[in-house]
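**Student:** pasting the sequence and the predicted model now:
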Amino acid sequence: MRRKGWLVPAVFAVLLGLAAVLLLTPSEPSYRGKPLTHWLQAYKITITATNSLWRNSKPIGADDEAPSRYEADAAIEAIGTNAIPILLRLIQHRDSRLRYWQFSLARKAPFFRIAPVSARSPNHEALMAFRALGTNAGPAVPQLMEIYNRESNRNTRNWVLSGLAEIGPPAEQAVPLLLRTLADTNTQSRENAARALGAIHADAPVVVPALIPCLRDPEARIRLAAVIALREYGKAAKSAVRELLELLRDPKLSAGPFYTFTTLSGTPARVNAVTIAEMATNALRDIDPETAAKAGIRNNW
């Protein structure tokens with residue numbers, strides 16, 4: 001009898017918890033009768049497995065009605081800022097270690113029929129949606145900054161930095177945060193911070209001097225990101241001209257890198273392989289055409 005006496009309160013507590021979750025979960029916006037998560041499928045990162053089953057160039061289990069990138073971009077633009085609450089949740093997504101091992105085991109099973117999706121896919125979906133929103137995602141900036149300052153997970157913080165870069169000029173209030181990140185010990189974080197500063201291109205008197213030392217960073221990725229960021233500032237980055245010229249004269253600083261990406265089939269594909277020297281050449285031409293011409297710099301690519 002005592003056990004039965006506890007049953008009703010326990011059921012009531014569970015129902016109350018479910019009700020709270022439903023009330024606290026933001027309603028999902030839609031476009032053309034389909035929810036936001038439907039459109040986000042276009043940005044999923046799928047993983048190929050040698051023993052996965054495929055049909056019509058898609059893993060069996062994939063949604064055959066998944067939208068194209070073009071359709072998804074149009075849908076995100078139409079949904080607008082209503083998408084932000086869900087995007088903020090997705091950009092913080094982290095799969096548990098248990099889920100990771102479950103997925104790893106599932107991929108090895110010969111009967112595996114579920115379309116494999118990367119654990120980073122939700123983060124990537126949010127980032128691509130922020131790209132589609134562009135400057136219209138400005139209202140998300142304070143929350144993205146709050147996530148960055150609160151979150152200790154390095155991957156999540158880097159997704160946030162990339163999101164700020166996609167938003168661009170409306171993320172100007174994040175400039176102090178990004179300047180602090182330029183001194184981070186993590187290479188990816190420094191690179192993302194430099195790229196975001198270039199995309200926002202605000203407060204040139206403060207940001208340009210902070211980017212100049214990055215031109216001599218030991219990591220080629222940081223040097224390239226700094227060159228790209230300075231080019232975004234145009235003539236406002238004139239104080240960086242001397243350092244850009246010195247970078248071009250130093251073969252060790254101006255060489256590489258070449259970027260590649262891997263297609264779903266696993267075949268490496270070279271895309272827009274750009275050296276630091278090429279980008280620095282174009283940056284100089286945009287920042288100070290007269291000095292570039294006197295130095296005999298030509299844009300040959």
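**Tutor:** Perfect, thanks for sending it.

**Student:** could you list the low-confidence segments of the stretch 151-300 of the chain?
**Tutor:** Scanning the stretch 151-300 of the chain for pLDDT under 70 picks out 257-273, 298-300.

**Student:** that one: helices as residue ranges?
**Tutor:** 154-167, 175-181, 187-200, 204-211, 220-233, 241-249, 251-254, 276-287, 289-294 (DSSP state H, counting those that start in this stretch).

**Student:** show me the domain layout of this structure.
**Tutor:** 29-167, 195-301 (automatic domain parsing).

**Student:** including distance to N186 and mean neighbour count, could those go into CSV?
**Tutor:** All C-beta spots, glycine's among them, are computed from the backbone N, C-alpha and C. Listed next are these as CSV, based on distance: least, Cβ to Cβ, whole Å; neighbours: other Cβ atoms under 10 Å:
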stretch, distance to N186, mean neighbour count
domain 29-167, 6, 17
domain 195-301, 11, 17
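
**Student:** hmm, back to that, E28: which of the helices of the stretch 151-300 of the chain is closest?
**Tutor:** For these, the distance to E28 is smallest for helix 154-167, at 19.6 Å, taking Cβ to Cβ.

**Student:** hey, C-alpha coordinates of stretch 152-162 in CSV?
**Tutor:** What follows is stretch 152-162, C-alpha atoms only, in CSV (Å, rounded to 0.1, in the frame of the first residue of the first chain):
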residue,chain,number,x,y,z
SER,A,152,34.8,26.5,-20.9
ASN,A,153,34.7,24.1,-23.8
ARG,A,154,37.2,25.1,-26.4
ASN,A,155,35.1,23.8,-29.4
THR,A,156,32.0,25.7,-28.4
ARG,A,157,34.0,28.9,-27.9
ASN,A,158,35.4,28.6,-31.4
TRP,A,159,32.0,28.0,-32.9
VAL,A,160,30.9,31.3,-31.2
LEU,A,161,33.9,33.2,-32.7
SER,A,162,33.0,31.9,-36.1
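
**Student:** pLDDT score assigned to H38?
**Tutor:** pLDDT, H38: 90.

**Student:** any idea which element it lies in?
**Tutor:** Element membership for H38, per DSSP states H and E: helix 36-40.

**Student:** pretty sure A255 sits against I276.
**Tutor:** Yes - counting by Cβ atoms under 8 Å, A255 touches I276, with 6.9 Å between them.

**Student:** I'd say Y233 and A199 touch.
**Tutor:** No - the pair Y233 and A199 fails to qualify as a contact (Cβ under 8 Å) at a distance of 11.0 Å.

**Student:** any idea how far E290 is from the residue nearest to M279 when sequence neighbours are not counted?
**Tutor:** Nearest in space to M279, with sequence neighbours left out and distances taken as Cβ to Cβ, 6 or more residues apart in numbering, is V227 at 4.7 Å. Remark: distance between V227 and E290 (Cβ to Cβ, to the nearest Å) = 19 Å.

**Student:** any idea how far L90 lies from Y31?
**Tutor:** 17 Å.

**Student:** what of D286?
**Tutor:** Separation of D286 from Y31 (Cβ to Cβ): 38 Å.

**Student:** and what of I222?
**Tutor:** Applying Cβ to Cβ to I222 and Y31 gives a distance of 39 Å.

**Student:** enumerate every residue touching the residue lying closest to P139 once chain neighbours are set aside.
**Tutor:** Nearest non-adjacent residue to P139, counting by Cβ to Cβ, 6+ apart: T81, 5.5 Å away. T81 makes contact with L133, N136, A137, P139, A140 under the criterion Cβ atoms under 8 Å, 6 or more residues apart in numbering.
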